[in-house]
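Enquirer: Structure of the sequence below:
(one chain, ligands or ions: 3)
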Amino acid sequence: MWRKRVLVTGGCGFLGSHLCERLLGSGSEVLCVDNFYTGTKDNVIQLLDHPHFEVMRHDVTFPLYVEVDEIYNLACPASPIHYQRDPVQTTKTAVHGAINTLGLAKRVKAKILLASTSEVYGDPEVHPQTEDYRGRVNTIGPRACYDEGKRCAETLFFDYYRQHNLRIRVARIFNTYGPRMHPDDGRVVSNFIMQALRGEPITVFGDGSQTRSFCYVDDLVDGMLGLMAAGDDFTGPVNLGNPVEFTIGELAEKVVAMTGSKSEIIFEPLPEDDPMQRQPDISLARRELGWEPKVPLEEGLVKTVAYFRDLISAA
Ligand code: NAD
Ligand code: UDP
Ligand code: UDP
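Expert: Ligands and ions are numbered 1, 2, ... in the order given. Modelled structure (predicted):
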């Protein structure tokens, strides 16, 4: 039987591990490439015995010669504390990683998808964000290594598309959460849940009035698979995320209520360049991919809390 050979870079990370699992479930052969910067083998431990799964330690800033039919380029630290720890490496990963995976896609004529981000919109003045909005990114701020890295990766994808006729897909992913988020990566959902479960203060940055829209990981993976499967004339960029918007203060209260935690909510300074609001307009994904998220925040949080509870009790 012919199996599609799929490369997932960053496959040992949060999103990548769920994607690998789903691809194997649909009969593909999966090559998972990761340098373990933020991801770990534990995220794919349940897949290691699968006969069509392979993990390779590799840094995407270096060339990679393999034979595959599809490429999902996810390699890149995604949380602010991780991508700001070594900002030069973050830009290299986004940009050189894009060049190398695009070069690979060109040589083997593979379809290639970029995990881009809502951060390309920066701190937006257009709300909700549509794909034609060009964004407001501070080029010299602490988030720029990531934001500009991803913006340049998008540019490279479209130049390889125009110059070399590559079959590209660009997904602009909005805040996604779920099991296998890194417990200490500082992202808001994992932070609040870990703080609540440990009985530590819940750290709301700013006054908690800034907003985010949270997508459960299963919905997001559906969106990425749908985008890869779409016709080659649909390149994106396309927003993938959940359009239901919450303030960070509301999220803190929800997590405290759901976990029955005694943690108090405290307020800390808002980090520099922290976007005040973020909500995807997903009309394009609805129309072109027939995709929209199905899992409400409460339901996704229940599964995520269960994951972090297990993680704490296993430690
Ligand atoms: P993650 O940090 O859990 O996963 C990233 C993975 O990439 C990790 O396994 C890490 O070790 C690996 N990696 C980092 N640098 C690498 C390199 N140079 N070579 C090889 N592997 C490398 O983050 P995630 O949330 O799973 O994000 C995956 C992708 O989705 C990222 O590209 C991120 O920018 C994008 N994204 C995620 C979100 C979100 O809310 N989770 C939102 C927007 C975009
Ligand atoms: N590349 C790779 N794997 C391949 C083919 C290319 O990693 O199978 C890398 C290669 O190192 C190159 C980059 O992708 O630096 C871009 O390749 P491309 O063919 O577009 O450009 P060129 O080789 O002409 O610089
Ligand atoms: N945030 C917070 N407390 C935390 C971690 C994050 O209030 O412990 C806020 C952060 O300032 C931002 C929002 O939650 O306004 C989302 O942060 P995250 O790092 O998860 O994602 P991003 O800012 O990249 O959307």
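Enquirer: quick one, strands of this structure?
Expert: Assigned strands in the chain, in chain order: 5-9, 29-34, 53-57, 70-73, 111-117, 168-173, 176-177, 202-205, 211-213, 215-216, 238-240, 245-247, 265-268 (criterion: DSSP state E).
Enquirer: Put the alpha carbons of the first one into PDB.
Expert: The reference is to strand 5-9. This file holds the C-alpha atoms of strand 5-9, laid out as PDB (Å, rounded to 0.1, in the frame of the first residue of the first chain):
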ATOM      1  CA  ARG A   5       5.500  10.500   3.400                       C
ATOM      2  CA  VAL A   6       5.100  13.500   5.600                       C
ATOM      3  CA  LEU A   7       7.800  15.600   7.300                       C
ATOM      4  CA  VAL A   8       6.800  17.500  10.400                       C
ATOM      5  CA  THR A   9       9.500  19.900  11.600                       C
END
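Enquirer: give me the number of residues near residue 98?
Expert: 26 (other C-beta atoms under 10 Å). C-beta coordinates here come from the backbone N, C-alpha and C atoms, glycine included.
Enquirer: that older thread, the strands of the chain into JSON lines, with extra columns for mean neighbour count?
Expert: Shown next, in JSON lines, are these (neighbours: other C-beta atoms under 10 Å):
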{"stretch": "strand 5-9", "mean neighbour count": "25"}
{"stretch": "strand 29-34", "mean neighbour count": "25"}
{"stretch": "strand 53-57", "mean neighbour count": "15"}
{"stretch": "strand 70-73", "mean neighbour count": "26"}
{"stretch": "strand 111-117", "mean neighbour count": "25"}
{"stretch": "strand 168-173", "mean neighbour count": "25"}
{"stretch": "strand 176-177", "mean neighbour count": "25"}
{"stretch": "strand 202-205", "mean neighbour count": "19"}
{"stretch": "strand 211-213", "mean neighbour count": "21"}
{"stretch": "strand 215-216", "mean neighbour count": "24"}
{"stretch": "strand 238-240", "mean neighbour count": "27"}
{"stretch": "strand 245-247", "mean neighbour count": "16"}
{"stretch": "strand 265-268", "mean neighbour count": "14"}
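Enquirer: Any idea which of those gets closest to residue 16?
Expert: strand 5-9 (5.3 Å; C-beta to C-beta).
Enquirer: Report the strands that pair with that closest one, each with its relative direction.
Expert: strand 29-34 (parallel), strand 70-73 (parallel) (DSSP bridges).
Enquirer: Distance to residue 187 for these - can I get that in TSV?
Expert: Below are the strands paired with strand 5-9 laid out as TSV (distance: least, C-beta to C-beta, whole Å):
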stretch	distance to residue 187
strand 29-34	19
strand 70-73	21
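Enquirer: rewinding a little: the strands of the chain: which one's closest to residue 126?
Expert: Across these, closest to residue 126 is strand 238-240 (C-beta to C-beta), at 12.2 Å.
Enquirer: Please name the residues that touch the residue in the chain that ligand 2 sits nearest to.
Expert: In the chain, the residue that lies nearest ligand 2 is residue 103 (2.0 Å; C-beta to the nearest ligand atom). When contacts are counted by C-beta atoms under 8 Å, 6 or more residues apart in numbering, residue 103 is found next to residue 63.
Enquirer: Around ligand 3, pick out the residues from this protein.
Expert: With C-beta under 6 Å from any ligand atom as the criterion, the chain meets ligand 3 at residues 79-80, 175, 186-188, 191, 203-205, 210, 212, 248, 270-271, 274.
Enquirer: Residue 286 is nearest to which of the strands of the chain?
Expert: Of all those, it is strand 238-240 that lies closest to residue 286, at 10.1 Å by C-beta to C-beta.
Enquirer: Any idea how far the closest one is from the middle of the chain?
Expert: Remark: strand 238-240 is offset 12 Å from the chain centroid, using C-alpha atoms, centre = their mean, to the nearest Å.
Enquirer: and that strand, what does it pack onto?
Expert: Applying 3 or more C-beta pairs under 8 Å, 6 or more residues apart in numbering; DSSP states H and E, one finds that strand 238-240 contacts strand 168-173, helix 217-229, helix 283-289.
Enquirer: quick check: angle from the longest one to strand 5-9?
Expert: What that stands for is helix 217-229. 130 degrees (axes from the mean of the first three to the mean of the last three C-alpha atoms, to 10 degrees).
Enquirer: Can you dump the C-alpha atoms of helix 217-229 in CSV for me?
Expert: The C-alpha atoms that make up helix 217-229 are tabulated as CSV, following Å, rounded to 0.1, in the frame of the first residue of the first chain:
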residue,chain,number,x,y,z
VAL,A,217,-5.5,22.0,19.7
ASP,A,218,-7.8,19.4,18.0
ASP,A,219,-9.6,22.1,16.1
LEU,A,220,-6.4,23.7,15.0
VAL,A,221,-4.9,20.4,13.8
ASP,A,222,-8.2,19.9,11.8
GLY,A,223,-7.6,23.3,10.2
MET,A,224,-4.0,22.5,9.3
LEU,A,225,-4.9,19.1,7.7
GLY,A,226,-7.8,20.8,5.8
LEU,A,227,-5.5,23.5,4.5
MET,A,228,-2.9,20.9,3.3
ALA,A,229,-5.6,18.9,1.6
